[in-house]
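>>> quick one, fold the following:
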Amino acid sequence: MSVSSRKRPGLWFVLAGLSSLLASAAFLGCGGGQTPSGPVSAAKSQYQVAEDDKPASPAIKTPIGDQPLAAKPSGETGTPATAAKTSPESIPPGVPADGAAGRVTDEPLPGAKPAGGQPAAPTDEPPLAPAVGAASKPVDLKTLPEGRDELLSYLEQLQRRPPQGQTQQEMIENYRQIHQARINAADKLWSIAKDVPDQIAAAQSKLDAMRELAQAGFPNADKQLTTYCRQLQKSPEKEVARLGRLILFDRAAEALARGETNDVQPVLTELKALAADGADNPRVLMIVSGAAMNLQLAGFRDAALDAFRAIAKVCANSKDPNITQHVKTLLERARVIELDFEGKLRAMMEGKANSVAPVTQAIAELLKGEQPGPGMLEAVVQASQLLEMTDNYEQALQTYAAIETAFQNHEDKNLAEQAAKVANNGRRRVALVGKPFAVEGVLIDGKKFDWSKYKGKYVLVDFWATWCGPCMQEIPNVQKYYELYRGKGFEVVGVNMDNELDQVKQMFELQPLPWTTVVSADDNARGFDTPLAVKCGVDAIPFMILLEPTGKVLALHVRGERLGRKLAQLLGAAEPAAGGAKPAPAKQPPEAVPPPPAP
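Numbering: from 1, shown residues only. As a prediction, this is how the structure comes out:
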């Protein structure tokens, strides 16, 4: 893990402000290009834990406070505390299936690797907590090996080792022991290091372990990390000294983003100095660029704009194509800040009057460039999805047309294809509104599905899969409103998009759903190739369509509280169902809702 790999927002393809807007709205969805979360089991499901002989793995609690060390569910994205919140209806539609525009990613510049040869893969995820008592290859945490190669191998094993234990406290203690062993091994490697690369490898490993302990809240760990960084800064070797300097800078930027201080100038000054000193170092650029985005997330827009421009300036003459592309992305981010794009989107999501036109005008400005990059595609695609979510369908159609035009002759043919695919899927989704809709497919057991029995009812059609974390997280919400409104004429039909039906059958054995689920009738067309999903332009799940009693599509992306508000608006307040479910609020907040496009 690199020194910059903790608590880092998406660095290279996601515009920081827009990503925070989406993340603060709700969890993101899943696309076909994402790694599945794994099969549902009684001890693992994010929907409902069934009775089982084996307890689910507990999250490791920190010794100080109660922030868990367990990884977040697949698809969920953390939101900085300083990010402004949107209205309860701000539910992002998800991540595209092709893994292109729309995906929140933490990829560094290609080729960026820290000392020691370990890939610099930034992530917001703390160490995974294993199942209680899970078996793992034994590693002696007390006896250190001898020799350079043996120590490097030992450090790699420790880095990948999850904490073990039969109880929560045992796992916490084992977690501490693992990272203390990393520190001890790194010190031993440093003592025998014969060249700078080995010193860097040792310092990097020790810094990573110390950061883990500090962020977990172990006593004195934070102070010890700061002291060690200052020691490294005194090294006569430039690269070694810079390791300590980068950590101290990164921590100062994080403190600013968390609101622990509002003195932005020291961070901005050090950012510029580091950028100038490390213009040819991808790892340094990754850290300072991430810090610039933290400034934006914390609300320091002018400082963030200054930072993006400063980094782009010192890298302007680079011969590295990766850095050249990065410079272009930074300048695009600066343009987004200049237009206050996030502010305009936030106003629209909050339903403020006359807030839609400024969004569409800003989108047009962002697409004016001759060759907009992947970051710009990311921004405008997410904005168009937010237009769909706020029922601004005509404006969404205009945006998809603008996207296709802006990228159709792009020198990057893959990017042009991605833009065309996104635009095509977007048009298919919007075209559903106001049109008759029929669910097509068969039941899990292969029997014919009878769509006619849903005539005259409000129907929620939920495209989902067992491997999709956000889909599983949404099920309890759907079930709540299903129980509240079923007696008033509300029904749900699930369209499953698993590639293997065995996964669905396994889930239903453990945790059956109370509504009907259909699947593709074609065994060779499942997943995102499910015919109904293709027809509807589904490129991220969960994707939800609400139908009126006539069978026509009323709204898209009806997730979270948006579903409750829509049902309350259509069917009135509901009495709590057995089990204590609360009725949805009857009052609908003001929304800019233009008429759907004509058939």
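
>>> start to end distance for stretch 272-289?
Terminal residues of stretch 272-289 are spaced 10 Å apart (C-alpha to C-alpha, to the nearest Å).

>>> who are the neighbours of the helix or strand Arg283 falls within, in terms of helices and strands?
Assessed by DSSP states H and E, Arg283 sits inside helix 282-297. Other elements packing on helix 282-297 under the criterion 3 or more C-beta pairs under 8 Å, 6 or more residues apart in numbering; DSSP states H and E are helix 16-25, helix 238-257, helix 265-277, helix 301-314, helix 321-338. All C-beta atoms are positioned from the backbone trio N, CA, C, and that covers glycine.

>>> let's have the ones you listed in CSV, adding distance to Lys223 and mean neighbour count.
Shown next, in CSV, are the helices and strands packed on helix 282-297 (distance: least, C-beta to C-beta, whole Å; neighbours: other C-beta atoms under 10 Å):
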stretch, distance to Lys223, mean neighbour count
helix 16-25, 30, 24
helix 238-257, 12, 21
helix 265-277, 20, 18
helix 301-314, 28, 20
helix 321-338, 34, 20
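
>>> those: which one's closest to Cys471?
helix 16-25 (16.7 Å; C-beta to C-beta).

>>> so after the closest one, what's the next helix or strand?
helix 148-160.

>>> ok now that next one, how far from the chain's centre?
On the basis of C-alpha atoms, centre = their mean, to the nearest Å, helix 148-160 sits 31 Å off its chain's mean C-alpha point.

>>> and the angle for the helix or strand that that helix is followed by with helix 238-257?
Downstream of helix 148-160, the next assigned helix or strand under DSSP H and E is helix 168-192. Helix 168-192 and helix 238-257 meet at an angle of 150 degrees, taking axes from the mean of the first three to the mean of the last three C-alpha atoms, to 10 degrees as the criterion.

>>> per-domain residue ranges of the chain.
Residue ranges for the domains of the chain, per automatic domain parsing: 16-28+78-338, 365-432, 442-571.

>>> as CSV, those domains with distance to Asn354 would be great.
Output for the domains of the chain, formatted as CSV (distance: least, C-beta to C-beta, whole Å):
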stretch, distance to Asn354
domain 16-28+78-338, 17
domain 365-432, 12
domain 442-571, 22
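
>>> in a markdown table: those, plus mean pLDDT and distance to Val359.
As requested, these are arranged in a markdown table below (pLDDT from 0 to 100; distance: least, C-beta to C-beta, whole Å):
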| stretch | mean pLDDT | distance to Val359 |
| --- | --- | --- |
| domain 16-28+78-338 | 76 | 12 |
| domain 365-432 | 92 | 6 |
| domain 442-571 | 94 | 16 |
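
>>> next, the distance between the ends of stretch 364-373.
End to end - C-alpha to C-alpha - stretch 364-373 spans 15 Å.

>>> now do the buried residues in it.
Buried positions in stretch 364-373, judged by neighbour count with 16 or more other C-beta atoms under 10 Å: 366-367, 372-373.

>>> which residues sit against it?
325, 328-329, 332, 335-336, 339, 341, 376, 379-380, 402-403, 405-407, 410-412, 415 (C-beta atoms under 8 Å, 6 or more residues apart in numbering).

>>> change it to 6 Å
328-329, 332, 339, 376, 380, 402, 406 (C-beta atoms under 6 Å, 6 or more residues apart in numbering).

>>> ok, those vs Met472, which is closest?
Using C-beta to C-beta, the contacts of stretch 364-373 come closest to Met472 at Val380, 29.7 Å.

>>> ok, now how distant is the closest residue in space to that closest one that isn't next to it in sequence from Met472?
Spatial nearest neighbour of Val380, excluding adjacent residues (C-beta to C-beta, 6 or more residues apart in numbering): Ile363 at 5.2 Å. From Ile363 across to Met472, the span is 33 Å (C-beta to C-beta, to the nearest Å).

>>> circling back: of all the helices and strands packed on helix 282-297, which one is nearest Gln231?
helix 238-257 (7.0 Å).

>>> could you give the angle of the closest one to helix 265-277?
Using the same axes, to 10 degrees: helix 238-257 against helix 265-277 is 150 degrees.

>>> tell me the helices and strands packed up against helix 238-257.
If you count contacts as 3 or more C-beta pairs under 6 Å, 6 or more residues apart in numbering; DSSP states H and E, helix 238-257 packs onto helix 196-216, helix 221-233, helix 265-277, helix 282-297.

>>> now the angle from it to helix 221-233?
140 degrees.

>>> so Pro549 sits in a helix?
No - going by DSSP: H, G, I helix; E, B strand; the rest coil, the assignment for Pro549 is coil, not a helix.

>>> re the thing from before, between the contacts of stretch 364-373, which is nearest Arg242?
For the contacts of stretch 364-373, the nearest to Arg242 is Thr329 (23.6 Å; C-beta to C-beta).

>>> test my guess that that closest one contacts Met376.
No - if you go by C-beta atoms under 6 Å, Thr329 and Met376 don't touch, sitting 8.4 Å apart.

>>> can you list the buried residues in stretch 389-403?
389-400, 402-403.

>>> got it, and stretch 430-437?
Of the residues in stretch 430-437, those buried (16+ other C-beta under 10 Å) are 430-434, 437.

>>> any chance of CSV for those residues, columns distance to Glu483 and secondary structure?
Below are the buried residues of stretch 430-437 laid out as CSV (distance: C-beta to C-beta, whole Å; DSSP: H, G, I helix; E, B strand; the rest coil):
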residue, distance to Glu483, secondary structure
Val430, 31, helix
Ala431, 32, helix
Leu432, 27, helix
Val433, 27, strand
Gly434, 29, coil
Phe437, 24, coil
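
>>> distance from stretch 264-278 to the middle of the chain?
28 Å.

>>> so what touches it?
249, 252-253, 256, 284, 288, 291, 300, 303, 307, 310-311, 314.

>>> check stretch 440-459 too.
So stretch 440-459 is contacted by 438-439, 489-491, 518-521, 532, 547, 549 (C-beta under 6 Å, 6+ apart).

>>> got the end-to-end distance for that stretch?
14 Å.

>>> that one: which residues count as buried?
Here stretch 440-459 shows 441, 449, 451, 454, 458-459 as buried, counting by 16+ other C-beta under 10 Å.

>>> now those residues in TSV, with secondary structure and distance to Tyr175?
Formatted as TSV, the buried residues of stretch 440-459 follow (DSSP: H, G, I helix; E, B strand; the rest coil; distance: C-beta to C-beta, whole Å):
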residue	secondary structure	distance to Tyr175
Gly441	coil	46
Phe449	coil	49
Trp451	helix	52
Tyr454	helix	51
Tyr458	strand	49
Val459	strand	48
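
>>> closest one to Lys480 out of those residues, please.
Scanning the buried residues of stretch 440-459 for proximity to Lys480, where the rule is C-beta to C-beta, the winner is Tyr458, at 15.5 Å.

>>> so what's Leu432 closest to, chain neighbours aside?
Using C-beta to C-beta, 6+ apart, the closest residue to Leu432 is Val553 (4.5 Å).

>>> who touches the host helix or strand of the one you found?
According to DSSP H and E, Val553 maps onto strand 553-556. Under the contact criterion C-beta under 6 Å, 6+ apart, strand 553-556 has outside partners 388, 429, 432-433, 435, 437, 545-548.

>>> ok, so of the residues you listed, who is nearest Arg176?
Nearest to Arg176 among those is Glu388, at 47.4 Å by C-beta to C-beta.

>>> which secondary structure elements does the helix or strand containing that closest one contact?
Using DSSP H and E, the element containing Glu388 is helix 374-389. If you count contacts as 3+ C-beta pairs under 6 Å, 6+ apart, helix 374-389 packs onto helix 321-338, helix 356-366, helix 393-407, helix 413-432.
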